[in-house]
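Q: The sequence and its predicted three-dimensional model are supplied below.
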Amino acid sequence: VLVQGLDESAPQREALSKAAQQAAEALQVAETNLAQWQEQWDAYAKANSEASQAAEIERTRLDYLDRQCLDVDKRRQALETERGTANLADLAQAFELLDGEHVQLRDKTGVLATQLESRRSAFESQLESARRLQASLSEKRSELEKSRGRLASLEALQHAALGGEAGTAHEWLERLGLGRSRRLAEVLEVDVGWEAAVETVLQGWLDAVLVDSPSAFETELHALEQVNLTLLSATSSDTGFPAGTLAAKARGPVAALNLLARVTTVESIGAAQSAMPMLGDGQSLITPEGEWIGPGFARIARSQGAQAGVLSREREISGLSERIAELESEISALVTQQEDARLARIEAEQARDDAQRDLHAGHRRLAEIAGQLQSQRGRMDSARERLAKVEVELTELAAKLEADRQQAREARGRLDGAVHSMGELEQRRQHLDADRRSLLEGREEARMNAREAHDAEHRAALSIESKRSAMASLEQSLARMRAQLGQVETRQAEI
């Protein structure tokens, strides 16, 4: 019976499996149809949204254009009223009267300006002269102060370098009436560039006190102790010294020049070395830098000792003294000129101020008339410009009004087209709604059929499987029974 049942279940299961497959295919077709409908619905929704948006845009544009046309028409009416009330004749007549008065005042102020310019030039000339005098005076005074300061500094240095400070020697000189006697460095004149050479040779002699006869003070000198003091004859001579000697480079007391006459001048130390073999007894050579050489000796004095630079300093002191005297004379003359210039400047300034007041009064009145004239001209120009702008604006408004109306007509046509499209899309929506209901019902039916076919196939499979299990169990039981029967038969045989 089980075998017969299995044989009968196989065709039935095959039929149920085929039916389940057909039901699944029908469900797939229903799903595909529904997806295609969804695509059609999305296309419809997009087209409907675009049509609605286009209609809304055109409605907004129409509202804007209608309001704009109304505003433009109101503006046009206001401009036409303004153009009709403009009057340029009265403005032109008032302008001509003001222009005549302005011409008369302008001529008058021109004469006053010429007069003022003349007086102003005279005052500026006086002022410039005063400035030049003041600048020159300030410059001279500044130079005088600097020169006095420099002179005081140089004199202090020179005084200290030439032994003018208080001491035993100074007291001795004062006692003998020699306190104001000049020193050698103060009277010795040296060619420029040879100061260092002379200072080297006369080192220790430059502070010598000049007297008429040094031998007249031998007794007094013998009484001095612990004092360095030199007395030198102040006698000078017009007799020249041989060229090429250091004495030829200086002018002063003969006693000092005799000391320099034994020294020959050379331009460099190389030249001195070349001339050394030709020197006689008691002769020596010296360069402008003070390099002094002779038979058996060489000397150079470049230290900053007390008497270093006294000759150059003395020359500068002499020059400064002369310049100070010149400056004092020049300053006195400038002060007198400055006072004269001050009085002349006051008179020129008063004349200039009088002319300035007259011109200012004329300019004030001229400015008033010019202001009125400018204002009147401005009103006329403004009126003309305004009328021109009104004409231009009226032309632009007419063109704009026509353009806005044309745009409104075009927008209204586009709005009608959009509304028509929305009506067609509404009909399409109704058809799609109907198709959707039909497709949903078909899909639901196919889904139920597929589920039922699948359940039937599943039940058949379970039944067949159950029968197969029962048959296998039965076959196992029969096998055990046969085994047991064989064992019984074997036992019987043994018995």
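A: On my side now, so go ahead.
Q: hey, let's count contacts and neighbours off CA atoms from now on
A: Noted.
Q: by contact count, what packs against the helix or strand hosting residue 77?
A: In this structure, residue 77 sits in helix 2-85 according to DSSP states H and E. If you count contacts as 3 or more CA pairs under 8 Å, 6 or more residues apart in numbering; DSSP states H and E, helix 2-85 packs onto helix 310-494.
Q: how far out from the middle of the chain is the helix it packs on?
A: From the chain centre to the centre of helix 310-494 is a distance of 32 Å (CA atoms, centre = their mean, to the nearest Å).
Q: How about stretch 197-214?
A: 68 Å.
Q: Next: stretch 198-217.
A: Counting by CA atoms, centre = their mean, stretch 198-217 comes out at 71 Å from the chain centroid.
Q: number of nearby residues for residue 27?
A: Neighbour count for residue 27, taken as other CA atoms under 10 Å: 21.
Q: Check residue 76 too.
A: 19.
Q: where are the low-confidence patches of the stretch 51-200 of the chain?
A: Along the stretch 51-200 of the chain, segments meeting pLDDT under 70 span 86, 155, 157-170, 179.
Q: Tell me where it has strands.
A: For the stretch 51-200 of the chain, applying DSSP state E, counting those that start in this stretch gives strands covering 189-190.
Q: Which positions within stretch 121-133 qualify as buried?
A: 122-124, 126-127, 129-130, 133 (16 or more other CA atoms under 10 Å).
Q: same check, this time on stretch 425-438
A: Using 16+ other CA under 10 Å as the test for burial, stretch 425-438 gives 425, 429, 432, 436.
Q: Nearest to residue 477 among those?
A: residue 436 (60.9 Å; CA to CA).
Q: How much space separates the closest one from residue 430?
A: Computed with CA to CA, to the nearest Å, the distance linking residue 436 and residue 430 is 10 Å.
Q: now do residue 354
A: 105 Å.
Q: per-residue confidence for the residue lying closest to residue 134 once chain neighbours are set aside?
A: Counting by CA to CA, 6 or more residues apart in numbering, residue 134 lies nearest to residue 338, which is 7.4 Å off, once chain neighbours are set aside. Note on residue 338: pLDDT of 83.
Q: what about the nearest residue to residue 435 once chain neighbours are set aside, neighbour count?
A: Distances taken as CA to CA, 6+ apart put residue 37 closest to residue 435, at 7.7 Å, once the chain neighbours are dropped. Applying other CA under 10 Å, we find 17 residues neighbouring residue 37.
Q: Residue 37 contacts residue 438, doesn't it?
A: No - look at residue 37 against residue 438 with CA atoms under 8 Å: they stay out of range, at 10.8 Å.
Q: Could you check the angle the helix holding residue 77 makes with helix 310-494?
A: 150 degrees (axes from the mean of the first three to the mean of the last three CA atoms, to 10 degrees).
Q: just how off-centre is helix 2-85 within its chain?
A: 65 Å.
Q: How about stretch 200-218?
A: 73 Å.
Q: That stretch: which residues count as buried?
A: By neighbour count on 16+ other CA under 10 Å, the buried set for stretch 200-218 is 200-202, 205-211.
Q: ditto for stretch 38-45
A: Applying 16+ other CA under 10 Å to stretch 38-45 flags 41, 44 as buried.
Q: What of stretch 372-392?
A: Quick answer for stretch 372-392 (16+ other CA under 10 Å): 372-374, 376-377, 379-380, 383, 387, 390.
Q: just those residues now: which is nearest residue 94?
A: residue 376 (7.6 Å).
Q: what's the burial count for the nearest residue to the closest one once chain neighbours are set aside?
A: Distances taken as CA to CA, 6+ apart put residue 95 closest to residue 376, at 6.0 Å, once the chain neighbours are dropped. Residue 95 has 19 neighbours, counted by other CA under 10 Å.
Q: how about residue 95, what does it touch?
A: Contact partners of residue 95, counting by CA atoms under 8 Å, 6 or more residues apart in numbering, are 373, 376-377.
Q: Redo the residues you listed as CSV? Include pLDDT.
A: Below are the contacts of residue 95 laid out as CSV (pLDDT from 0 to 100):
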residue, pLDDT
373, 84
376, 81
377, 83
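Q: Any chance of CSV for the residues you listed, columns distance to residue 361?
A: As requested, the contacts of residue 95 are arranged in CSV below (distance: CA to CA, whole Å):
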residue, distance to residue 361
373, 18
376, 23
377, 24
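Q: quick check, nearest of the buried residues of stretch 200-218 to residue 280?
A: For the buried residues of stretch 200-218, the nearest to residue 280 is residue 201 (18.0 Å; CA to CA).
Q: So that closest one sits against residue 260, correct?
A: Yes - judged on CA under 8 Å, residue 201 makes contact with residue 260 at a distance of 7.0 Å.
Q: centre of the chain versus stretch 232-251, how much separation?
A: Centroid displacement of stretch 232-251 relative to its chain, using CA atoms, centre = their mean, is 71 Å.
Q: Buried residues of that stretch, list them for me.
A: Buried, per 16+ other CA under 10 Å, within stretch 232-251: 232-234, 241, 245-251.
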